[in-house]
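1. Kindly return the folded structure for what I paste below:
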Amino acid sequence: MDDQGNEDIEKTIKSVGGNETFMIRTQRDQIVEFMKILSLSHMCVAESFTDKHGNRQKFYNGPSPDEVALVEFAS
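-> Residues are numbered from 1 along each chain as shown. Model prediction:
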């Protein structure tokens, strides 16, 4: 494995019917796809407030601390 996360893993994912396939070639590709899925399949909402210094602060509110932590990590 190199320092860039480009180790070849060559995973093929097939649709339920088997008509469509998707190839994940490297670890980096696998992480990118995971982040895409995570960004679409959560129930967290981005909210913001203005702190006492006038700075706008963003945070995520969600149904569980675990889900919020995953979305914060992905952001």
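
2. Look at residue 34 and give its secondary structure.
-> helix (DSSP: H, G, I helix; E, B strand; the rest coil).

3. where's it relative to residue 73, distance?
-> 11 Å (C-beta to C-beta, to the nearest Å). Every C-beta, even on glycine, is put in place using the N, C-alpha and C of the backbone.

4. same check, this time on residue 46
-> 14 Å.

5. which ones are touching the residue nearest to the spatial centre of the chain?
-> In the chain, the C-alpha nearest the mean C-alpha coordinate belongs to residue 35, at 2.0 Å (C-alpha atoms, centre = their mean). Contact analysis of residue 35 by C-beta atoms under 8 Å, 6 or more residues apart in numbering lists residue 74.

6. mind running it again at 10 Å?
-> 70, 73, 74, 75 (C-beta atoms under 10 Å, 6 or more residues apart in numbering).

7. which one among the residues you listed gets closest to residue 56?
-> residue 75 (15.4 Å; C-beta to C-beta).

8. can you pull up the bridge partners for the closest residue to the closest one other than its chain neighbours?
-> Setting aside the residues directly before and after it, residue 75 is nearest to residue 60 in space (C-beta to C-beta, 6 or more residues apart in numbering), at 7.7 Å. Listed by DSSP bridges, the beta-bridge partners for residue 60 are residue 46.

9. mind listing the strands for the protein?
-> Per DSSP state E, the chain carries strands over the ranges 8-14, 21-26, 45-50, 56-61.

10. chain center to stretch 42-52: distance?
-> What separates the centre of stretch 42-52 from the centre of its chain is 18 Å, taken as C-alpha atoms, centre = their mean, to the nearest Å.

11. domain assignment for the chain?
-> 1-41, 44-75 (automatic domain parsing).

12. Surely residue 63 and residue 42 touch.
-> Yes - counting by C-beta atoms under 10 Å, residue 42 is a contact partner of residue 63 at 9.0 Å.

13. Look at these two and report which has more neighbours.
-> residue 42 (16 against 10; other C-beta atoms under 10 Å).

14. what are the phi and psi values for that one?
-> Backbone dihedrals for residue 42, given as degrees, to the nearest 10, come out at phi -140, psi 170.
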